[in-house]
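Novice: Structure, please.
(one chain, ligands or ions: 2)
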Amino acid sequence: MTQPDQRILDEVTQLRTTLDDANYRYYVLDEPQLTDADYDRRLRRLQEIEAEYPELVTADSPTQRVGAAPADGFPEIEHAVPMLSLDNAFDEEELAAFVSRVAERLEVDGEALAFCCEPKLDGAAVSLVYERGELTTGVTRGDGRTGEGITSNLRTLRSIPLKLRGQQWPEVLEVRGEVTMRHADFEAMNERAREAGGKVFANPRNAAAGSLRQLDPRITDQRPLEFSAYQAARIQPDAGDSSHSQLMARLAEFGFRTSAELDVVQGAEGIIDYCRRLGERRDALGHDIDGVVIKVDDLRLQRELGFVARAPRWAIAFKFPAQEEVTRLNDVEYQVGRTGAITPVARLEPVSVAGVTVSNATLHNADEIARLGVMIGDQVTIRRAGDVIPQVVRVKVDQRPSDARPIVFPERCPVCDSQIERLEEEAVARCSGGLYCAAQRKEALKHFASRRALDIEGLGEKLIDGLVERDWVKTPADLFLLEVSRLATLPRMATRSSENLVAALEKAKATTLARFIFALGIREVGEATAANLASHFGTLEALMEADREALEKVADVGPVVAAHVHTFFQQPHNRETIQALRQAGVYWQETAVEAGPTPLEGQTWVLTGSMESMTRDDGKARLQALGAKVSGSVSKKTTCLVAGEAAGSKLTKAEQLGVEVLDEATFLERLAAWEAGDETDG
Ligand SMILES: NC(=O)c1ccc[n+]([C@@H]2O[C@H](COP(=O)([O-])OP(=O)(O)OC[C@H]3O[C@@H](n4cnc5c(N)ncnc54)[C@H](O)[C@@H]3O)[C@@H](O)[C@H]2O)c1
Ligand SMILES: [Zn+2]
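Specialist: Ligands and ions are numbered 1, 2, ... in the order given. Here you go, the predicted structure:
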């Protein structure tokens, strides 16, 4: 036997330190730094060295241990039967070698041996104990010997029966399985977290493990977790089942979800075939699996084979290609969605992730870029799972090259060059090009033609797609230039229907200002707001010239809508499109709004405390209608403070500054007088 030299000793120390740290981050913090592929390679390397130099094996080597010790905050519970890990097979040869090993040990023909194959769910392992049919304890795997008691958290999962189904329960039943999260649920949960600035999880496994280990079960209850059973660790008294597959059928009768993919096959050939078939369907399952677990089906043979330090001899995990890989971020480009949303897209050094070459990944939005702290040139971890768009989940900050560049979010739309707008309250940045932006053209036209907008009969979705794809219609104004002869050349458009469409367009030209404003498709300007804008301003010109302050005086228009409207009309392209529409003959009756009395022009008012006769918003609207500006804070510029019940610091401040203070009754009196056009006071 050779002696390990210093280089090997150093490598072993290095590997153990890295793996211990990775285990802690993965199992305790639910925030891995390494990819699983990277972790597996290092563990493999350590196993190889230890196989060559058995004297280097220590009891606490990561090759001998399972998971990580239970975390503080939960009761430590000892497992009646240890919860082990699984040995891995990374290719078909290693699967065949597993079958040979088992067959040799049992002295049977491997090709005739029955194996139960099931998907290897990628989540968090838990053990559930039922006494006389009732769930009494739920525990995490922990270090395999003791785990964390998380019974109250597990009770919140709908897929975990609190009481077993049927009548004949064993005295004691211990069921093991995996808690997972479906892709769609995971994406939705992260999306909400991104918007609310909460914790974003790198993958469903971390999300499931993290959600289970919440100190407050109400949080676990809100997380979309599912439990699937994969083993009956104890049944007392023994029910007489002779195979693993029979036991699984019994668990299903007790009310557990078990894998629909479970299948019993024969020998290495059967196993390999199963793994290939499941591998092909991996992306369509809707949840993460990281491989196939293959178990000797016969329970008597399982007992005969027994265990080694951290895994049973009768089972193996066939690992599918990893769903996370590291590659270089070469650049960031920006895509414009149908509604103008700007999405930063990572252009990557092509890398194979779970069997598919990935060269693009989403970075979601500017906040996500900030959260990741990513720069162009960085090494980044990419995750591709199922049908979900590949994502950048983490950055190797310690490997940042010296020429890395910060990512600068653009100010103008890459498609139409309009200004990009991002409101403080919103995570998403949007192109303000609206009608003009090619990326938004189809949606904008559909909206424009819709019943409650210009109501163009016969101009449906398919037709709009055809017109835009042929580039016949760039802006809504182009619609009115369409000719029957041209339209009739479109598929499914006879002369008759083309004539009908042209007639419908002609008819749609006569509209109302409210409909026209609504048809423009300004963000957050629905039918009601459009109507308010129309009646407030009376003419389109007045609306187009209004600044934000003037816009905020319109009923129902707050700072957000005011900003959208203002930016929209500031865009030269939008003004041109509107001009073109009017030239094409779109018209409506304009009504100059009669200017009411504005006795409070130039004054700034503040409302505080609560009033009996009206809400503060009503008070604000009435003041604004009289020409006053209403502000949220008292300053030297404040003309008057209206102090309702329980007025606080604003009142104190007004008194300090010598600002006039009105109580509710006086305020009401004066309002009534001003609104009646009585100029004597104020
Ligand atoms: N990225 C990191 O830093 C990091 C750190 C530690 C571990 N890991 C990952 O975790 C793996 C090791 O974790 P492990 O010890 O849990 O081993 P494992 O995940 O390879 O296999 C054991 C586990 O498989 C699960 N399982 C799923 N379906 C099953 C089924 N049908 N039957 C039986 N078991 C089933 C069980 O939870 C069981 O505990 C590594 O290979 C690595 O991929 C990654
Ligand atoms: Zn645009």
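
Novice: Spatially nearest residue to the closest residue to ligand 2 within the stretch 251-400 of the chain (excluding sequence neighbours)?
Specialist: Relative to ligand 2, the nearest point of the stretch 251-400 of the chain is V336 (5.2 Å; C-beta to the ion). (C-beta placed from N, C-alpha, C; glycine too.) Spatially, and ignoring its direct neighbours in sequence, V336 is nearest to A439 (3.6 Å; C-beta to C-beta, 6 or more residues apart in numbering).

Novice: now swap in E304 and tell me
Specialist: The nearest residue in space to E304 (C-beta to C-beta, 6+ apart) is L106, at 6.5 Å.

Novice: Write out the residues of the stretch 301-450 of the chain neighbouring ligand 2.
Specialist: C413, V415, C416, S418, C431, G433, C437 (C-beta under 5 Å from the ion).

Novice: For the fifth one, which non-adjacent residue is closest in space?
Specialist: Spelled out, that is C431. Spatial nearest neighbour of C431, excluding adjacent residues (C-beta to C-beta, 6+ apart): C413 at 3.8 Å.

Novice: For the stretch 101-250 of the chain, give the residue positioned nearest to ligand 1.
Specialist: Of all residues in the stretch 101-250 of the chain, the one sitting closest to ligand 1 is A125 (3.0 Å; C-beta to the nearest ligand atom).

Novice: looking at this, that residue is in a strand?
Specialist: Yes - A125 forms part of a strand when assessed by DSSP: H, G, I helix; E, B strand; the rest coil.

Novice: which stretches of the stretch 101-250 of the chain form strands?
Specialist: 114-121, 124-131, 134-140, 146-148, 172-180, 226-236 (DSSP state E, counting those that start in this stretch).

Novice: wait, is the residue nearest to V336 part of a helix?
Specialist: Yes - secondary structure of A439 (three-state DSSP): part of a helix.

Novice: quick one: it and R430, what's the gap?
Specialist: Here A439 is placed at a distance of 11 Å from R430 (C-beta to C-beta, to the nearest Å).

Novice: what do you get for V408?
Specialist: 18 Å.

Novice: Over to V661?
Specialist: Remark: distance between V661 and R430 (C-beta to C-beta) = 43 Å.

Novice: try A643
Specialist: A643 is 40 Å from R430, by C-beta to C-beta.

Novice: Which one of these two is surrounded by more residues?
Specialist: R430 (25 against 21; other C-beta atoms under 10 Å).

Novice: Pairing-wise in the sheet, spell out the partners of that one.
Specialist: For R430, the beta-bridge partners under DSSP bridges are A341, E421.

Novice: Who are the contact partners of the most centrally placed residue in the chain?
Specialist: The centre of the chain sits closest to E191, judged by C-alpha atoms, centre = their mean, with a distance of 2.8 Å. With contact set as C-beta atoms under 8 Å, 6 or more residues apart in numbering, E191 has no partners.

Novice: and the closest residue to G149 other than its chain neighbours, how many neighbours does it have?
Specialist: Distances taken as C-beta to C-beta, 6+ apart place P75 nearest to G149, at 4.0 Å, with adjacent residues excluded. Around P75 there are 13 other residues, counting by other C-beta under 10 Å.

Novice: Can you verify my assumption that P75 contacts I150?
Specialist: No - counting by C-beta atoms under 8 Å, P75 does not reach I150; the two are 9.1 Å apart.

Novice: What score does the residue nearest to V336 have for pLDDT?
Specialist: pLDDT recorded at A439 is 86.

Novice: swap in the one 5 residues further on?
Specialist: Predicted confidence (pLDDT) at A444: the value is 90.

Novice: Over to A317?
Specialist: As predicted, A317 sits at a pLDDT of 98.

Novice: can you pull up the bridge partners for it?
Specialist: Counting by DSSP bridges, A317 is bridged to N88, V293.

Novice: list the contacts for it?
Specialist: L86, D87, N88, A89, K120, D290, G291, V292, V293, I294.

Novice: any idea how far it lies from ligand 1?
Specialist: A317 sits 5 Å away from ligand 1, going by C-beta to the nearest ligand atom, to the nearest Å.

Novice: Could you name the specific helix or strand carrying V374?
Specialist: Assigned by DSSP states H and E, V374 falls within no helix or strand.

Novice: can you pull the contacts of it?
Specialist: Shown here is V374, whose contacts under the criterion C-beta under 8 Å, 6+ apart are L329, L363, V380, V392, V395, I407.

Novice: Let me know whether the strand or helix carrying the first one sits next to ligand 1.
Specialist: Yep, that's L329 we're talking about. Following DSSP H and E, one finds L329 within strand 324-336. No - on the criterion C-beta under 6 Å from any ligand atom, strand 324-336 is out of touch with ligand 1, staying 8.1 Å away.

Novice: buried residues in that strand?
Specialist: Judged by neighbour count (16 or more other C-beta atoms under 10 Å), strand 324-336 contains these buried residues: E324, E325, V326, T327, R328, L329, V332, Y334, V336.

Novice: before we move on, what about stretch 292-300?
Specialist: Using 16+ other C-beta under 10 Å as the test for burial, stretch 292-300 gives V292, V293, I294, K295, V296, D297, D298, L299.

Novice: so which of these would you say is closest to ligand 1?
Specialist: Nearest to ligand 1 among these, counting by C-beta to the nearest ligand atom, is V293 at 3.8 Å.

Novice: Hmm, D122 and that closest one touching each other?
Specialist: No - with contact defined as C-beta under 8 Å, V293 does not reach D122; the gap is 11.4 Å.

Novice: need the residues of the protein near ligand 1, please.
Specialist: Neighbours of ligand 1 within the chain, by C-beta under 6 Å from any ligand atom: 22-23, 25-26, 32, 34-36, 39-40, 66, 85-86, 118, 120-121, 125, 141, 178, 230, 293, 317.

Novice: What is the worst-scoring helix or strand of the chain on mean pLDDT packed up against?
Specialist: In the chain, no helix or strand scores lower on mean pLDDT, DSSP states H and E than helix 616-625, which sits at a mean of 76. For helix 616-625, the packing partners by 3 or more C-beta pairs under 8 Å, 6 or more residues apart in numbering; DSSP states H and E come out as strand 604-608, strand 629-631, helix 664-675.
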